[in-house]
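Asker: please find the sequence and the predicted model below.
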Amino acid sequence: MRYRRPGLDIASHGLLILALIVFCLPVWLAFTAATHDQSSLYTGTAPLWLGDQGLSNFSAILSEPVARLGTDVTRLLLNSTVMALGIACGKIFIAILAAYAIVFFRFPLRRLCFWLIFITLMLPVEVRIMPTYKIAADLNLLNSYAGLILPLIASATATFLFRQFYLTVPPELLEAARVDGAGPWRFLKDILLPLSKTNIAALFVIMFLYGWNQYLWPLLITTESDYMTIVVSLKRLLSSADNLVPWQAVMATALLAMLPPVAVIVLMQRYFVKGLVDAEK
Amino acid sequence: MATFQRHRLTPWLLLAPQLAIVAVFFFWPAAQAVLQAFYVEDPFGLGRTFVAFENFTRVLASTEYYRALGITVTFSVGVALGAMALALLLAVLADRVIKGAHAYKTLLIWPYAVAPAVAGVLWMFMLDPELGLVSAWLGTLGVDWNHQLNGGQAMTLVVMASIWKQMSYNFVFFLAGLQAIPKSLLEAAAIDGAGPWRRFWTITFPLLSPTSFFLLVMNSVYAFFETFGTIDATTAGGPGGATRTLVYKVYEDGFIGYDLGSSAAQSVLLMLLVGLLTLLQFRYLERKVQY
């Protein structure tokens, strides 16, 4: 191939590696800060290399209540996990059923249902935050897992993706199932669900990240530290009217807050990329 | 499409959970927001009076609103252009090298998983005026960095943190788009004597335009809404409102200022804006996809 230039290849690798270093720098600095104690952090600028307080910093925030939070970080991690899993599973569950009804059934008002569901794609929770809060308060959902999870399930992204996928299922499958006497539930359970495995995995990754990384809604709805999520807790840790910001604790918490979603994305990268690209269609 | 015909109840059973959730947590609040926008509520929640469009005229007449609009535009353009240009550059490089493209993808993809608020906090630490490493480096270059006092620097901080998080998303799409471009086109151009620079601008870049447009929309939506966490955790709209975007203003007026009517009117205006963007996206994308 005439148009390859080895010089440019080396330059490309160089630039890419430089970009990698820049991209990793914030996390590296967070990691080094999390391994020092507060007094050594405040002696000058933040350290570029690791200290020896890592274990004690992490075990302190995980096992003892943190001063500005009123709870330990283990509890926050638990809350975030419940919320993320609840949102991911809840969305996938209702989406599979709703998309199934819309694609494989003909019934009156079908088009209306379709539009009612898909118009929700347009308006993220941030826009209708105030009234949603009011409704959650009226329904007694403040400071509860249901309150954290349910309002965030109310968008149709997953339903839309399942609809797109169901439309690609060959109609012969349904014909064959009907000839063999399978009803709608049987068809869903024995044929459609096994076919949707990779789609479910892809959606799970995307929805888990979406749920874990929520900020505004958990910030509003959890006033008690028992239901606070780890992402929201960072701001509480940072707000220092009285004394110095405990950066080693903040950074250790930030690292713990990013560990589960990063692990999910790295381990399930194949599904994640597929899910993203499908979402575009 | 083959369908199940003689089942009247089943589809409704299947739809019930989704419709219930959407009704309670979407349509009800959205309707409330629209309704609220036409009322003025007294601060103690005792009653409200119908004021027609007064909330809207009040919002649209306030200089603060236009300031927030300007800040939102600056912020969104900065984030979208920055994240896309950087992603395109890196994707082109990764696409070139063939060996290791996949490894680079794995190594660059993870910031997408980091919460916007966490991304903001990481950058805030690097740029902390007292002990931040990067702010110290900037200091040696003669830049006196303090985003707690300097509005422009606060804006730069949130833009950088947002770009850092969003870049990987764009990278995945650009790389997929680049890998879908037929190599024969590029080879033909090379044989005709076009250099890498020329090949990029006359072949690759036009062929990427559907991807770019899609990403432009996604990045704007991201900059509009998802970056709320980045802003709230780092600058909280400050200093002096220098990073107060439209979404942040809705939150501030509603939950901190308790000006419910104004907050609702702003929500409705935002809904219209997003609706317009979505409409544009559909119209433009449909025309653009078939080239």
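Answerer: Noted; the coordinates are in hand. Numbering: from 1, shown residues only, chains lettered A, B, ... in the order given.
Asker: hey, let's count contacts and neighbours off CA atoms from now on
Answerer: Fine.
Asker: tell me the secondary structure at B:Pro129.
Answerer: Three-state call for B:Pro129 (DSSP: H, G, I helix; E, B strand; the rest coil): coil.
Asker: could you give the mean pLDDT of stretch A:253-260?
Answerer: Mean pLDDT, stretch A:253-260: 91.
Asker: typo on my end, stretch B:39-52
Answerer: Average pLDDT, stretch B:39-52: 73.
Asker: quick check: end-to-end length of that stretch?
Answerer: Criterion CA to CA, to the nearest Å; first-to-last residue distance in stretch B:39-52 is 7 Å.
Asker: next one: stretch B:132-147
Answerer: Distance between the two ends of stretch B:132-147: 12 Å, counting by CA to CA.
Asker: mind listing what the closest residue to chain B within the stretch 1-150 of chain A touches?
Answerer: The stretch 1-150 of chain A approaches chain B most closely through A:Thr45 (4.0 Å), counting by CA to the nearest CA. A:Thr45 sits next to B:130-133, B:136 when contact means CA atoms under 8 Å, 6 or more residues apart in numbering or on different chains.
Asker: element containing it?
Answerer: Assigned by DSSP states H and E, A:Thr45 belongs to neither a helix nor a strand.
Asker: same question, B:Val159
Answerer: Using DSSP H and E, B:Val159 maps to helix B:151-179.
Asker: which residue is the nearest non-sequential neighbour of A:Leu20?
Answerer: In space, and not counting its chain neighbours, A:Leu20 is closest to B:Leu108: 6.8 Å by CA to CA, 6 or more residues apart in numbering or on different chains.
Asker: low-confidence bits of the chain, can you list those?
Answerer: In the absence of a named chain, chain A is used. Within chain A, the segments meeting pLDDT under 70 span A:1-4, A:122-127, A:240-242, A:275-281.
Asker: oops, I was thinking of chain B
Answerer: B:1-2, B:42-46, B:281-291.
Asker: closest approach to chain A from it, which residue is it?
Answerer: B:Leu131 (4.0 Å).
Asker: burial measure for the residue nearest to A:Leu20, as a count.
Answerer: By other CA atoms under 10 Å in any protein chain shown, 22 other residues sit near B:Leu108.
Asker: okay but the residue of chain B closest to chain A is in contact with A:Ser39, surely?
Answerer: No. With contacts counted by CA atoms under 8 Å, B:Leu131 stays clear of A:Ser39, the gap being 11.9 Å.
Asker: which of these two has more neighbours?
Answerer: Neighbour count, other CA under 10 Å: between B:Leu131 and A:Ser39, B:Leu131 has more, with 19 against 10.
Asker: what residue lies at the spatial centre of the chain?
Answerer: Went with chain A since none was named. A:Leu209 (1.6 Å; CA atoms, centre = their mean).
Asker: that's the wrong chain, I wanted chain B
Answerer: Closest-to-mean residue, chain B, CA atoms, centre = their mean: B:Tyr222 / 1.8 Å.
Asker: quick one: secondary structure of it?
Answerer: State at B:Tyr222, reduced to three classes by three-state DSSP: helix.
Asker: the residue nearest to the centre of chain A is in contact with A:Ala84, isn't it?
Answerer: Yes. Here A:Leu209 reaches A:Ala84: they are 7.3 Å apart, a contact under CA under 8 Å.
Asker: ok so, going back, now the residue nearest to A:Leu20: which helix or strand?
Answerer: Using DSSP H and E, B:Leu108 falls in helix B:101-109.
Asker: which residues sit against that helix?
Answerer: Helix B:101-109 has contacts (CA under 8 Å, 6+ apart) with A:16, A:20, A:23, A:266, A:269, B:94-95, B:168-169, B:171-172.
Asker: now do stretch B:138-146
Answerer: Stretch B:138-146 has contacts (CA under 8 Å, 6+ apart) with B:127-129, B:135, B:153-154.
Asker: redo that, cut-off 10 Å
Answerer: For stretch B:138-146, the external contacting residues (CA atoms under 10 Å, 6 or more residues apart in numbering or on different chains) are B:127-130, B:132-137, B:150, B:152-154.
Asker: the longest helix along chain A close to chain B?
Answerer: Assignment by DSSP state H gives helix A:73-104 as the longest helix of chain A. Yes. Applying CA under 10 Å from any CA of the partner chain, one finds helix A:73-104 in contact with chain B at A:90-91, A:93-104.
Asker: next one: that helix to chain centre, how far?
Answerer: With CA atoms, centre = their mean, to the nearest Å as the basis, helix A:73-104 stands 10 Å off its chain's centre.
Asker: flag every buried residue along that helix.
Answerer: If you call a residue buried by 16 or more other CA atoms under 10 Å in any protein chain shown, then helix A:73-104 has these buried ones: A:73-77, A:79-104.
Asker: same thing with stretch B:171-187?
Answerer: Buried residues in stretch B:171-187, counted by 16+ other CA under 10 Å: B:171-178, B:186-187.
Asker: in a markdown table, list those along with distance to chain A.
Answerer: A markdown table is the format used below for the buried residues of stretch B:171-187 (distance: CA to the nearest CA, whole Å):
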| residue | distance to chain A |
| --- | --- |
| B:Phe171 | 11 |
| B:Val172 | 7 |
| B:Phe173 | 7 |
| B:Phe174 | 11 |
| B:Leu175 | 11 |
| B:Ala176 | 9 |
| B:Gly177 | 10 |
| B:Leu178 | 14 |
| B:Leu186 | 9 |
| B:Glu187 | 7 |
